[in-house]
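Student: next input, structure requested:
(one chain, ligands or ions: 4)
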Amino acid sequence: MSPLKYWMTVICTLFIAIGAASGQEVKNVFVEVGGRVSFQPTSINPYVSSILWKQRDGESVVKAIEWDAEDGVFIPNKNFNNITTLNKETGQITITNLTVERSGLYTIDINHKEEEQRFKLEVLPLLPKPVIKLEKIKVNPDAVYLICEYSETIIWKNSTGGTLKGSPHSPKGELITVEKQGNPDVFYTCTLENALRNSTSDPVYERDLFKESGLWWTAFIIIPILILVLFVLLYKVWSRFHRKKYNVTSKEGFLLKFTIISNVLSVLSSRLLRLHQTASSLT
Ligand SMILES: *[C@@H]1O[C@H](CO)[C@@H](O)[C@H](O)[C@H]1NC(C)=O
Ligand SMILES: *[C@@H]1O[C@H](CO)[C@@H](O)[C@H](O)[C@H]1NC(C)=O
Ligand SMILES: *[C@@H]1O[C@H](CO)[C@@H](O)[C@H](O)[C@H]1NC(C)=O
Ligand SMILES: *[C@@H]1O[C@H](CO)[C@@H](O)[C@H](O)[C@H]1NC(C)=O
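Tutor: Ligands and ions are numbered 1, 2, ... in the order given. Presented below is the predicted three-dimensional model:
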């Protein structure tokens, strides 16, 4: 054992011993937002003339609720108003409608003397059901980022139950890089965890991560063809009508048809090019 380790062990042991000797004990309690909590000293002096519960959070000390035989119950801080009650026989404090701000170390003074027992309350935000976000990787079409943007502890898993190590994502949460396995049924989940419970996202399947851009291409080919067909049909109707009216010769008619169709084609192709550019800048 190195000297440093030795001294650290000695110091730690000393601290634990002092703590035990003075009877100081901290009870950790976790409650979700909206919940209620009660703290009560294990034994109470039968000749109680005053009780004071305090909430400590770092440097700040706030009186939560106080009672004395003369003036009765008093709640000096409005944050504890309407949510705090005291049982003067048992010394029990009850706080309801808990918010994150009610977290802290709670101590009790009985007859102006602080009791050894302390209670550490941590009010945890409700866990949402996480939603996995997907981000494509431009340089690698066979990999994607999966992102879980939450402040709680995050656990990534795949369909075989293996845990995957995420990396930090700014401003919060984690991301994993997922490579195409060639199996559409492989899936990934993100689980949020706190001291009380956990909450898992819907699975995200590989088949939804690496969709072919086939849909785009189908749209790009079928839509122009439909438009073209429509134009040709319209043109046929139109030219039949005009030929009757102006008695255009068949040679002139052919030239006219040719000009119109080539104009339509050139407009269409430039439209198509622009659409394609927009689409490829999107993906
Ligand atoms: C406490 O409740 C009373 C009515 O019961 C209300 O007038 C008052 O605003 C409440 N105070 C707080 C801090 O919610
Ligand atoms: C506490 O919560 C209950 C139910 O959730 C609600 O009816 C009540 O108005 C709340 N009281 C305060 C002081 O916020
Ligand atoms: C799931 O993750 C574990 C651990 O990282 C890995 O060994 C396993 O191959 C993965 N399974 C799939 C289907 O990706
Ligand atoms: C989530 O909680 C369940 C029980 O509620 C437990 O069986 C499971 O192991 C937990 N999962 C994680 C990832 O902590």
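Student: quick one: end-to-end length of stretch 35-51, please.
Tutor: This stretch, stretch 35-51, spans 24 Å end to end (C-alpha to C-alpha, to the nearest Å).
Student: from the chain's centroid, how far away is it?
Tutor: Centroid separation for stretch 35-51 versus its chain: 39 Å, with C-alpha atoms, centre = their mean, to the nearest Å.
Student: try stretch 69-89
Tutor: 37 Å.
Student: quick one: mean pLDDT for that stretch?
Tutor: The average pLDDT for stretch 69-89 rounds to 95.
Student: could you list the buried residues of the longest strand along the chain?
Tutor: Using DSSP state E, we find that the single longest strand of the chain is strand 113-124. Residues of strand 113-124 classed as buried: 115, 117-119, 121, 123-124 (neighbour count, 16 or more other C-beta atoms under 10 Å). No exception for glycine: its C-beta is placed from N, CA and C like everyone else's.
Student: packing partners for that strand?
Tutor: strand 25-32, strand 37-39, strand 104-110 (3 or more C-beta pairs under 8 Å, 6 or more residues apart in numbering; DSSP states H and E).
Student: and the spatially most central residue of the chain, how far from ligand 4?
Tutor: For the chain, the residue nearest the mean C-alpha position is Tyr150 (3.4 Å; C-alpha atoms, centre = their mean). Counting by C-beta to the nearest ligand atom, to the nearest Å, the gap from Tyr150 to ligand 4 is 14 Å.
Student: tally of neighbours for the closest residue to ligand 3 within the stretch 151-283 of the chain?
Tutor: Closest approach between the stretch 151-283 of the chain and ligand 3, counting by C-beta to the nearest ligand atom: Gly162, at 2.3 Å. By other C-beta atoms under 10 Å, 8 other residues sit near Gly162.
Student: nearest residue to the residue of the stretch 151-283 of the chain at minimum distance from ligand 1 other than its sequence neighbours?
Tutor: Of all residues in the stretch 151-283 of the chain, Leu196 sits closest to ligand 1, with a separation of 26.1 Å (C-beta to the nearest ligand atom). Excluding the flanking residues, the one nearest Leu196 by C-beta to C-beta, 6 or more residues apart in numbering is Phe30, at 5.4 Å.
Student: specify the beta-bridge partners of the one you found.
Tutor: On the basis of DSSP bridges, Phe30 is bridged to Glu122.
Student: which residues sit in contact with it?
Tutor: 122, 124, 194-196 (C-beta atoms under 8 Å, 6 or more residues apart in numbering).
Student: stretch 194-211 near ligand 3 anywhere?
Tutor: No. Looking at stretch 194-211 against ligand 3 by C-beta under 6 Å from any ligand atom, there are no contacts, and the closest approach is 8.8 Å.
Student: what count of nearby residues applies to the closest residue to ligand 4 within the stretch 51-200 of the chain?
Tutor: Closest approach of the stretch 51-200 of the chain to ligand 4 (C-beta to the nearest ligand atom) occurs at Asn198, with a separation of 3.7 Å. Neighbours of Asn198 under the rule other C-beta under 10 Å: 12.
Student: so it bridges to which residues?
Tutor: Going by DSSP bridges, Asn198 forms beta bridges with Glu193.
Student: tell me which element the residue of the stretch 151-283 of the chain closest to ligand 1 falls in.
Tutor: In the assignment (DSSP states H and E), Leu196 maps to no helix and no strand.
Student: let me have the contacts of Phe30 in a markdown table, extended by pLDDT and distance to ligand 2.
Tutor: As requested, the contacts of Phe30 are exported to a markdown table (pLDDT from 0 to 100; distance: C-beta to the nearest ligand atom, whole Å):
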| residue | pLDDT | distance to ligand 2 |
| --- | --- | --- |
| Glu122 | 97 | 20 |
| Leu124 | 96 | 17 |
| Asn194 | 95 | 21 |
| Ala195 | 95 | 22 |
| Leu196 | 95 | 18 |
